[in-house]
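Visitor: coords below, sequence missing:
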């Protein structure tokens, strides 16, 4: 009985339609510089900021300034940022219709003196020579209308973060343009853009109310004729995402992913559904009492695991065991996605860092 295995195997090309290869920044060969303002929106980020600011300070590249926009933090975010050499901007009260992040980025851009703007999430950090590599790649393109975005490499410290596997893969597929015909959009964690381009498309003010402001900003940037380049942050920009536990991780993916699915193009969405369906079918047909051709299904299961190893190693420090037991992170993905969809259907908000989003 080979037909079930053949049907399940049709999901393999769907996976490669989502992501073929994730390019990254090459190691920096020189210490070229640009006029650069780094803007970091921060709300209760006292634990994350030191790692990022120290990584910037350790770089040979010297930005014109580092602006930390303190979004009404109740911890020591502002004090820590100041002590590590950043200029702290106290955010004005959040206007109606804005998300906190968009408002903070907007204020930082308004105050920036650099000719180029690099927006970074506070939970990211550069590896050695990472900022130099980012700048070198930017200069290598020699395109004044270039907009560049890196997907930070997910450094996993706690075992529960291994469950993020499918979120990372599908985020890369949806925003990176790493597949066969998908177009690059932007990742929310990093954005390098010329100031002139930023204000010409309206900046964060134009996407003030969107939870995934990066996807909507990408649409405006592409419509303006600018070019978007998305890369992996592996070896350049890394991130430590969910140090506060499984609840924080689940809330973060809940607030974001249903919006991401709604904003995805039809091709990406169809490929993702085919891929996930095949992953589930293969695993379930292997364990049901009736024999649907276990040898063939086991071979397909190993093929899917190999495909996931190839994808996962480009995106984060995922363990081989996580990939071999992929139904576990896949079940987590489906559960959180279902929770997110239910909240959206019921018009319920998710609380994130003390605000409803």
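Guide: That came in fine, so what should we check first? Please read these numbers as outputs of a predicted model, since none were measured by experiment. Residues are numbered from 1 along each chain as shown.

Visitor: Show me which residues of the strand or helix carrying residue 106 are buried.
Guide: For residue 106, the host element (DSSP states H and E) is helix 100-111. Neighbour counts over helix 100-111 (16 or more other Cβ atoms under 10 Å) mark 100, 101, 102, 103, 104, 105, 106, 107, 108, 109 as buried. Yep, even glycine has a C-beta here, placed from its N, CA and C like the rest.

Visitor: do the same with stretch 211-230
Guide: So for stretch 211-230, counting by 16+ other Cβ under 10 Å, buried means 211-218, 221-222, 226, 228-230.

Visitor: Low-confidence regions, this protein specifically.
Guide: Filtered on pLDDT under 70, the chain yields the residue ranges 28-30, 257-262, 349-357.

Visitor: Spell out which residues sit in contact with residue 299, please.
Guide: Neighbour list for residue 299: residue 5 [criterion: Cβ atoms under 8 Å, 6 or more residues apart in numbering].

Visitor: neighbours of the nearest residue to residue 112 once chain neighbours are set aside, just the number please.
Guide: In space, and not counting its chain neighbours, residue 112 is closest to residue 37: 3.6 Å by Cβ to Cβ, 6 or more residues apart in numbering. Neighbour count for residue 37, taken as other Cβ atoms under 10 Å: 22.

Visitor: I'd like the distance between residue 37 and residue 86.
Guide: For residue 37, the distance to residue 86 (Cβ to Cβ, to the nearest Å) stands at 11 Å.

Visitor: likewise residue 3?
Guide: Counting by Cβ to Cβ, the gap from residue 3 to residue 86 is 61 Å.

Visitor: so where do the strands sit in the stretch 51-200 of the chain?
Guide: Applying DSSP state E, counting those that start in this stretch to the stretch 51-200 of the chain gives strands spanning 65-70, 87-90, 116-120, 124-126, 146-151, 153-154, 190-194.

Visitor: Quick one: closest of the ones you listed to residue 266.
Guide: Checking the strands of the stretch 51-200 of the chain against residue 266 by Cβ to Cβ gives strand 146-151 as the closest, at 22.2 Å.

Visitor: can you give me how far the closest one is from the chain middle?
Guide: In terms of Cα atoms, centre = their mean, to the nearest Å, the centre of strand 146-151 is set 11 Å apart from its chain centre.

Visitor: in its sheet, what does it sit against?
Guide: Strand 146-151 has the following strand partners under DSSP bridges: strand 190-194 (antiparallel), strand 227-232 (parallel).

Visitor: Please produce a markdown table containing these, extended by distance to residue 303.
Guide: Written out in a markdown table, the entries for these read as follows (distance: least, Cβ to Cβ, whole Å):
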| stretch | distance to residue 303 |
| --- | --- |
| strand 190-194 | 33 |
| strand 227-232 | 23 |
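
Visitor: What is the end-to-end distance of stretch 174-183?
Guide: End-to-end distance of stretch 174-183: 9 Å, with Cα to Cα, to the nearest Å as the criterion.

Visitor: should've said stretch 106-124
Guide: 19 Å.

Visitor: do the same with stretch 5-20
Guide: 23 Å.

Visitor: now do stretch 312-328
Guide: 15 Å.

Visitor: Give me the buried positions along that stretch.
Guide: The neighbour-count check on stretch 312-328 (16+ other Cβ under 10 Å) flags 312, 314, 315, 316, 318, 322, 323, 326 as buried.

Visitor: so, if you compare those, which one comes nearest to residue 44?
Guide: Distances from residue 44 to the buried residues of stretch 312-328, taken by Cβ to Cβ, are shortest for residue 316, at 24.1 Å.

Visitor: so how far is residue 168 from the spatially closest residue to the closest one that is not a sequence neighbour?
Guide: Excluding the flanking residues, the one nearest residue 316 by Cβ to Cβ, 6+ apart is residue 154, at 3.2 Å. Plainly put, residue 154 is 6 Å away from residue 168 if you go by Cβ to Cβ.

Visitor: hmm, back to that, can you lay out the buried residues of stretch 312-328 as CSV showing distance to residue 202?
Guide: Output for the buried residues of stretch 312-328, formatted as CSV (distance: Cβ to Cβ, whole Å):
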residue, distance to residue 202
312, 36
314, 33
315, 31
316, 33
318, 37
322, 41
323, 41
326, 41
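
Visitor: For those, which two are the farthest from each other?
Guide: Maximum distance among the buried residues of stretch 312-328 (Cβ to Cβ): 16.1 Å, for 314 and 326.

Visitor: need the strands for the stretch 201-350 of the chain, in chain order.
Guide: Ranges of strands in the stretch 201-350 of the chain, per DSSP E, counting those that start in this stretch, are 227-232, 237-239.

Visitor: Can you check which of those strands gets nearest to residue 185?
Guide: Closest among the strands of the stretch 201-350 of the chain, using Cβ to Cβ: strand 227-232, at 6.7 Å.

Visitor: mind listing the helices for the stretch 101-250 of the chain?
Guide: Per DSSP state H, counting those that start in this stretch, the stretch 101-250 of the chain carries helices over the ranges 130-141, 165-176, 195-200, 213-223, 246-263.

Visitor: okay, these, which one's buried deepest?
Guide: helix 165-176 (a mean of 24; mean count of other Cβ atoms under 10 Å).

Visitor: orientation of that helix relative to strand 227-232 in degrees?
Guide: 160 degrees (axes from the mean of the first three to the mean of the last three Cα atoms, to 10 degrees).

Visitor: roughly how far is helix 165-176 from the heart of the chain?
Guide: Using Cα atoms, centre = their mean, the offset of helix 165-176 from its chain centre is 8 Å.
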